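Asker: Provided below for reference: sequence and predicted model.
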Amino acid sequence: LPKEQNIPTQTKPENIVLGVGPDSRIYWNMSPVKDQQELLARLVKEAKKDPQPEVHIRGDATARYAPIGRIVLAVQQAGIVKIAFITEPPSPAGGD
C-alpha cells in the first residue's frame, strides 16, 4: 500500500466530499445518498461542469471497503478524473 502523506486538503466550494459512515451508508457533503443510481446520476451531472470538481472520499475507520469501492466505480463511470482519499493521520501516541 502507498505511504500516507500529510497534505492539507484544499477545500473549494466546488469539491464534492463523499463519505462512508460506520453503517456503510454513503453521504454527499454530509447528506445521505439514497442508492447507487442516485449517486451516479449526481456525479454525471457534476462531470459536465467545466472545470470538473474534485471528488474527495472519506471513509469511517470502521466502514467496510465495498461502499468505498462503489463510490470509486461511480466516479469512474461518470467520467470525473480527479479523485482523492481523505485520511486521518495516526495519533502521536502510536495508536490507530
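Answerer: Everything's here; your move. Numbers count the residues shown, from 1 in each chain.

Asker: give me the element the most centrally placed residue in the chain is part of.
Answerer: The centre of the chain sits closest to Ile57, judged by C-alpha atoms, centre = their mean, with a distance of 1.7 Å. Secondary structure assignment for Ile57, by DSSP states H and E: strand 55-59.

Asker: roughly how far apart are Gly79 and Arg64?
Answerer: According to C-beta to C-beta, to the nearest Å, Gly79 stands 26 Å off from Arg64. Every residue, glycine included, has its C-beta placed from N, CA and C.

Asker: quick one on the thing from earlier: give the partner strands of the strand holding Ile57 in its sheet and their orientations.
Answerer: strand 16-20 (parallel), strand 83-86 (parallel) (DSSP bridges).

Asker: would you turn those strands into a markdown table with distance to Gln37 and mean pLDDT?
Answerer: Below are these laid out as a markdown table (distance: least, C-beta to C-beta, whole Å; pLDDT from 0 to 100):
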| stretch | distance to Gln37 | mean pLDDT |
| --- | --- | --- |
| strand 16-20 | 15 | 94 |
| strand 83-86 | 20 | 91 |
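
Asker: Burial-wise, tell me which of these comes out on top.
Answerer: Greatest average neighbour count among these goes to strand 16-20 (a mean of 21), per mean count of other C-beta atoms under 10 Å.

Asker: Now the element after that one, going C-ward?
Answerer: strand 26-28.

Asker: Would you indicate which residues of that next one are buried?
Answerer: Residues of strand 26-28 classed as buried by neighbour count (16 or more other C-beta atoms under 10 Å): Ile26, Trp28.

Asker: what's the answer for stretch 54-61, then?
Answerer: Result for stretch 54-61 [16+ other C-beta under 10 Å]: buried residues Glu54, Val55, His56, Ile57, Arg58, Gly59.

Asker: pLDDT below threshold where in this structure?
Answerer: 1-13, 89-96 (pLDDT under 70).

Asker: quick one: contacts for Lys49?
Answerer: Glu14 (C-beta atoms under 8 Å, 6 or more residues apart in numbering).

Asker: Equivalent analysis for the one 4 residues further on, please.
Answerer: Residues in contact with Pro53 (C-beta under 8 Å, 6+ apart) are Lys12, Glu14, Asn15, Ile16, Glu46, Ile80, Lys82.
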